[in-house]
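Visitor: show me how the following folds:
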Amino acid sequence: MSGASVRSLLVVVLGLCAGAAAWAQQAPQPLIYTCVNAAGKKLTSDRLIPECNDREQRVLNSDGSERRRIGPTLTPEERAAAEAQEKAIETARAAKAEAVRADRNLLNRFPNEAAHSKARAKALDNIKGSLKVSEDRLTALAKERKPLTDEAEFYVGKTMPAKLKAQLDANDTAVEAQRVLVQNQKLEAVRIDQNFDLELERLKKLWGGAQPGSLGTIPVASAPATGKAPAPAAAAVKK
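Guide: Prediction:
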């Protein structure tokens with residue numbers, strides 16, 4: 001065999017050896033599962049061991065080093081309980097993150113009490129403006145009703161014209177709607193004021209050094225339940 005042929009053969013052999021080594025490195029290494037069962041006996045297998053489903057199993061590499069550990073298999077009830085606990089933890093974590101975000105937003109919006117007082121005054125002024133519009137509307141409806149009432153006096157004991165009755169009914173409906181609107185606006189003013197009170201109480205703690213998110217969720221004042229229209233509004237209509 002010539003020298004060139006020998007060299008060619010060596011190249012082929014070396015290539016095959018390198019390929020085999022690379023394949024060996026890429027081939028999945030066998031895993032070893034081991035545990036100690038309820039009787040205290042150590043078990044070993046190349047797959048999960050059913051006798052140890054109720055306890056932890058170690059997963060070893062072929063060289064005996066530990067790769068990971070697998071916890072016991074849970075019953076459906078245990079799995080449901082674990083999922084519920086995990087959900088509760090996640091909910092608490094999300095609430096904490098939201099409280100941190102909300103507190104930081106509060107501090108950015110209101111760096112001091114003066115800024116907070118200014119925002120409160122502006123919010124209440126907006127409600128007062130809406131309330132003034134509604135009260136003016138009630139006054140206008142009272143004026144519109146006066147000639148209708150005067151005309152209705154001619155029909156006491158008689159059948160009132162359908163048109164006049166419809167006008168009186170429409171006035172009554174509009175007045176009642178405005179009364180409810182006025183009451184709701186007054187209740188909204190109370191709610192806004194209470195929310196600013198709650199914010200201020202929290203801000204004072206944050207300004208004092210409390211960490212954002214350490215005070216729990218931000219409380220929000222709920223709107224008081226609506227009821228009958230206030231007496232003053234009814235009196236204004238009858239003028």
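
Visitor: show me what contacts the residue nearest to residue 33 when sequence neighbours are not counted?
Guide: In space, and not counting its chain neighbours, residue 33 is closest to residue 45: 5.0 Å by Cβ to Cβ, 6 or more residues apart in numbering. C-beta: built from backbone N, CA, C; applies to glycine. Neighbour list for residue 45: 32-34 [criterion: Cβ atoms under 8 Å, 6 or more residues apart in numbering].

Visitor: cool, residue 60 as well?
Guide: Counting by Cβ under 8 Å, 6+ apart, the residues that residue 60 touches are 31-34, 66-67.

Visitor: contacting residues around stretch 115-133?
Guide: Contacts to stretch 115-133, defined as Cβ under 8 Å, 6+ apart, come from residues 109-110, 182, 185-186, 188-189, 192-193, 196, 199-200, 203.

Visitor: from those, list the buried ones, please.
Guide: 110, 182, 185-186, 188-189, 192, 196, 199, 203 (16 or more other Cβ atoms under 10 Å).

Visitor: can you redo the residues you listed as TSV with distance to residue 128, pLDDT and secondary structure?
Guide: Below are those laid out as TSV (distance: Cβ to Cβ, whole Å; pLDDT from 0 to 100; DSSP: H, G, I helix; E, B strand; the rest coil):
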residue	distance to residue 128	pLDDT	secondary structure
110	22	97	coil
182	12	96	helix
185	9	96	helix
186	10	95	helix
188	11	95	helix
189	7	95	helix
192	11	95	helix
196	15	96	helix
199	20	94	helix
203	24	96	helix
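
Visitor: out of those residues, the closest to residue 78 would be?
Guide: residue 199 (43.9 Å; Cβ to Cβ).

Visitor: wait, doesn't that closest one sit right on residue 106?
Guide: Yes. Using Cβ atoms under 8 Å, residue 199 is in contact with residue 106, at 6.6 Å.

Visitor: how is the protein divided into domains?
Guide: 28-73, 99-238 (automatic domain parsing).

Visitor: need the ones you listed in JSON lines (columns: distance to residue 81).
Guide: Formatted as JSON lines, the domains of the chain follow (distance: least, Cβ to Cβ, whole Å):
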{"stretch": "domain 28-73", "distance to residue 81": "14"}
{"stretch": "domain 99-238", "distance to residue 81": "26"}
